[in-house]
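[1] sequence below, structure please.
(2 chains)
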Amino acid sequence: DTGVSQDPRHKITKRGQNVTFRCDPISEHNRLYWYRQTLGQGPEFLTYFQNEAQLEKSRLLSDRFSAERPKGSFSTLEIQRTEQGDSAMYLCASSGGQNYGYTFGSGTRLTVV
Amino acid sequence: TQLLEQSPQFLSIQEGENLTVYCNSSSVFSSLQWYRQEPGEGPVLLVTVVTGGEVKKLKRLTFQFGDARKDSSLHITAAQPGDTGLYLCADGNNRLAFGKGNQVVVIP
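    Numbering: from 1, shown residues only, chains lettered A, B, ... in the order given. I've put the predicted structure just below:
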């Protein structure tokens, strides 16, 4: 297993466009998480899945954001009608359960121009 | 809402010196995890501590968990340039709440 993979690594988009990011977790991990990180801040929780069920969403996750994990394996995070404030690093992580260590991907750096 | 405060936010030291950074929580940790993050990469787990008063060592890094399970320290002995990075503490609950991090720069 090569760890958590995220694609793309970098994305530049024009304001108002939609973007979608993909995360492939470690195969035996049933939990998958999305975070957003801006410069000088720690990662902020967005949402998490246990298998295919989305169990929690942060208030940071506005209506323009949607995440899916259709078969309990990979996950996608879509941002509709992007705004400049959406520019950030979007991190995905997976784990085997609560209080287990989390394995992070390298992130997707989004720049909205 | 749990608040995690890390101090100092930024620390610059010479190679070979020792350093200590701190993490304090407004509530008891479910479990405490320390991560290190390098620019352009995701955080990498260093250690998980669960029991109050627990001390764990990872080569030159020593992690201490407070007796009340609301604070922790990370001590680095004889720092090396490879120790440069953003050190993040986090509560290993369902959503892994992070502090803002301790940015450490070790100058050769």
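[2] for chain A, what are the nearby residues on chain B?
    B:4, B:30-31, B:33, B:35, B:40-45, B:48, B:50, B:88, B:90, B:92-101 (CB under 8 Å from any CB of the partner chain). The C-beta positions use only the backbone N, C-alpha and C, and glycine is treated the same way.
[3] selecting buried members of those residues in ChimeraX, what would you type?
    The buried residues among the residues of chain B next to chain A can be selected in ChimeraX (16 or more other CB atoms under 10 Å in any protein chain shown) with this line:
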select /B:4,30,31,33,35,41,42,43,45,48,88,90,92,94,95,96,97,98,99,100,101
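[4] the residues of chain B next to chain A in helices, which ones?
    In this view, the residues of chain B next to chain A have no member that belongs to helices under DSSP state H.
[5] where does chain A dip in pLDDT?
    Within chain A, the ranges that satisfy pLDDT under 70 run A:1, A:97-99.
[6] up against chain B, what does it have?
    So chain A meets chain B at A:4, A:33, A:35, A:40-45, A:48, A:55-56, A:58, A:91, A:93, A:98-107, A:109 (CB under 8 Å from any CB).
[7] quick one, what contacts the residue in chain B positioned nearest to chain A?
    Nearest residue of chain B to chain A: residue B:42, at 3.1 Å (CB to the nearest CB). Residues near residue B:42 by CB atoms under 8 Å, 6 or more residues apart in numbering or on different chains: A:4, A:91, A:93, A:104, A:105, A:106, A:107.
[8] could you tell me the end-to-end distance of stretch A:52-71?
    Chord length of stretch A:52-71, first to last residue, is 6 Å (CA to CA, to the nearest Å).
[9] if we can go back for a sec, now the contacts of residue B:42 in TSV, with secondary structure?
    As requested, these are exported to TSV (DSSP: H, G, I helix; E, B strand; the rest coil):
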residue	secondary structure
A:4	coil
A:91	strand
A:93	strand
A:104	strand
A:105	coil
A:106	coil
A:107	coil
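[10] can you put those in TSV and add neighbour count?
    Below are the contacts of residue B:42 laid out as TSV (neighbours: other CB atoms under 10 Å in any protein chain shown):
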residue	neighbour count
A:4	24
A:91	26
A:93	26
A:104	24
A:105	23
A:106	17
A:107	26
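[11] what residues are up against the closest residue to chain B within chain A?
    Chain B sits closest to residue A:104 of chain A, with a gap of 3.1 Å, by CB to the nearest CB. Counting by CB under 8 Å, 6+ apart, residue A:104 touches A:4, A:91, A:92, A:93, B:35, B:42, B:43, B:44.
[12] by mean pLDDT, which helix or strand of chain B comes out lowest?
    Taking mean pLDDT, DSSP states H and E as the measure, strand B:97-98 is the helix or strand of chain B with the lowest mean score, a mean of 87.
[13] direction included, what does it pair up with?
    Using DSSP bridges, the strands paired with strand B:97-98 are strand B:85-91 (antiparallel).
[14] for the partner strand, the distance to its chain's centre please.
    5 Å (CA atoms, centre = their mean, to the nearest Å).
[15] so where does residue B:21 fall, helix or strand?
    Using DSSP states H and E, residue B:21 sits in strand B:19-25.
[16] which of the residues in that strand are buried?
    Result for strand B:19-25 [16+ other CB under 10 Å]: buried residues B:19, B:21, B:22, B:23, B:24, B:25.
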